[in-house]
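Student: A predicted structure for the sequence below; I have some questions about it.
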Amino acid sequence: MTLTGLGTAGLAYAQGTETQGAGAVSQTQTYQAQTPQTQTVSADAYSYKMGADDKIRVIVFGEPNLSGEFVVNGQGTVALPLIGEIKAAGLTVTELQDKYAAVLREGYLKDPRVSIEVLTFRPFYVLGRG
């Protein structure tokens, strides 16, 4: 079976052709990959530095009131529950996790476990002349 249509962003469709012996009719089958609507990519794998318009999910284990989805604003900060605004622009996900955990440890929680992931990355535009 030969698969075609594999893109770098993911699998949308793959088509294969199978032959079933001499004199048999060839048969084409279409396969559709199952991709989630919201795709989360590990930003740490790419050392991605956050910036304005990035949407993140923050999970503080055992503290649902401190967890949620937040957007980095135009000033490069994100407003997090209990502590207010914290600088996120220019930080990796790991650096922001450590920073948020450190602030929570300073007087709010004894041993906070914080997990942060980027849900949607900020848009970027390429301008040029053809």
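Tutor: Structure's in. What do you need? Numbering: from 1, shown residues only.
Student: for this structure, where's the lowest mean pLDDT among helices and strands?
Tutor: strand 11-18 (a mean of 34; mean pLDDT, DSSP states H and E).
Student: quick one: the helices in this structure?
Tutor: In the chain, the helices defined using DSSP state H lie at 93-105.
Student: which stretches of it have low pLDDT?
Tutor: Scanning the chain for pLDDT under 70 picks out the ranges 1-46.
Student: that one: strands as residue ranges?
Tutor: Along the chain, counting by DSSP state E, strands occupy 4-6, 11-18, 27-32, 55-60, 68-71, 77-80, 84-87, 114-120.
Student: what is the burial count for the residue nearest to E85 when sequence neighbours are not counted?
Tutor: Closest residue in space to E85, ignoring its immediate chain neighbours: T77 at 4.3 Å, by Cβ to Cβ, 6 or more residues apart in numbering. C-beta here means a position set from N, CA and C on the backbone, and glycine is covered the same way. The local packing of T77 (other Cβ atoms under 10 Å) involves 15 other residues.
Student: ok, T77 - contacts?
Tutor: Residues near T77 by Cβ atoms under 8 Å, 6 or more residues apart in numbering: 85-89.
Student: just V58 next, same as before
Tutor: V58 neighbours (Cβ under 8 Å, 6+ apart): 66-70, 80, 100, 114-116.
Student: again with V103
Tutor: Applying Cβ under 8 Å, 6+ apart, one finds that V103 lies in contact with 83, 86.
Student: mind redoing it with 10 Å?
Tutor: Counting by Cβ atoms under 10 Å, 6 or more residues apart in numbering, V103 touches 80, 82-84, 86, 109, 112, 114.
Student: measure it to V126 for me?
Tutor: 37 Å (Cβ to Cβ, to the nearest Å).
Student: now swap in D54 and tell me
Tutor: For D54, the distance to V126 (Cβ to Cβ) stands at 19 Å.
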